[in-house]
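Trainee: Take this sequence and fold it.
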Amino acid sequence: MHKFYEAFVQNPDGSWFCRAPAQLIGPNGPYSTTPGITYRRGRPIQGYDIAEWLDAWKTEGQRPVGIEFIG
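Mentor: Have a look, this model is predicted:
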């Protein structure tokens, strides 16, 4: 499993809690997650819906198209 995915734990309500810093690069440029933040589906931050990607990754087993995770 990729380090980016491992930086998160899913909460009972379906949101994702960030427990370790991680970085990604996508069409909107780089983004770094901050430990302690909870990401919820449908609430993008800087154009990235982290929770949606993690949901898809969990169910489909593949990273989102067009996104590169760097740590």
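
Trainee: Surely residue 26 is in contact with residue 63?
Mentor: No. With contact defined as Cβ atoms under 8 Å, residue 26 does not count as touching residue 63 (10.7 Å). C-betas here are computed from N, CA, C, even on glycine.

Trainee: list residues touching both of these two?
Mentor: Counting by Cβ atoms under 8 Å, 6 or more residues apart in numbering, residue 26 and residue 63 have no shared contacts at all.

Trainee: just checking, residue 55 touches residue 40?
Mentor: No. Residue 55 lies out of contact with residue 40 (Cβ under 8 Å); the separation is 10.7 Å.

Trainee: which neighbours do these two share?
Mentor: Contacts common to residue 55 and residue 40, judged by Cβ under 8 Å, 6+ apart, are residue 14.

Trainee: what does the model give the spatially most central residue of the chain for pLDDT?
Mentor: Geometric centre of the chain, nearest residue: residue 50, 3.6 Å, by Cα atoms, centre = their mean. Residue 50 is assigned 90 on the pLDDT scale.

Trainee: Might you report the residue contacts of residue 49?
Mentor: Residues in contact with residue 49 (Cβ under 8 Å, 6+ apart) are 41, 42, 43.

Trainee: And the lengthiest helix in the chain, what's buried?
Mentor: Of all segments of type helix in the chain, defined using DSSP state H, the longest is helix 50-60. Buried residues in helix 50-60, counted by 16 or more other Cβ atoms under 10 Å: 50, 51, 52, 53, 54, 57.

Trainee: so where's the protein uncertain?
Mentor: Scanning the chain for pLDDT under 70 picks out the ranges 1-2, 71.

Trainee: which residues in it form strands?
Mentor: 8-10, 16-18, 23-26, 29-32, 38-39, 68-69 (DSSP state E).

Trainee: For those, please prepare a markdown table with the additional fields mean neighbour count.
Mentor: A markdown table is the format used below for those (neighbours: other Cβ atoms under 10 Å):
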| stretch | mean neighbour count |
| --- | --- |
| strand 8-10 | 16 |
| strand 16-18 | 18 |
| strand 23-26 | 16 |
| strand 29-32 | 12 |
| strand 38-39 | 18 |
| strand 68-69 | 15 |
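
Trainee: shouldn't residue 46 be in contact with residue 33?
Mentor: No. When contacts are counted by Cβ under 8 Å, residue 46 is not listed as touching residue 33 (10.8 Å).
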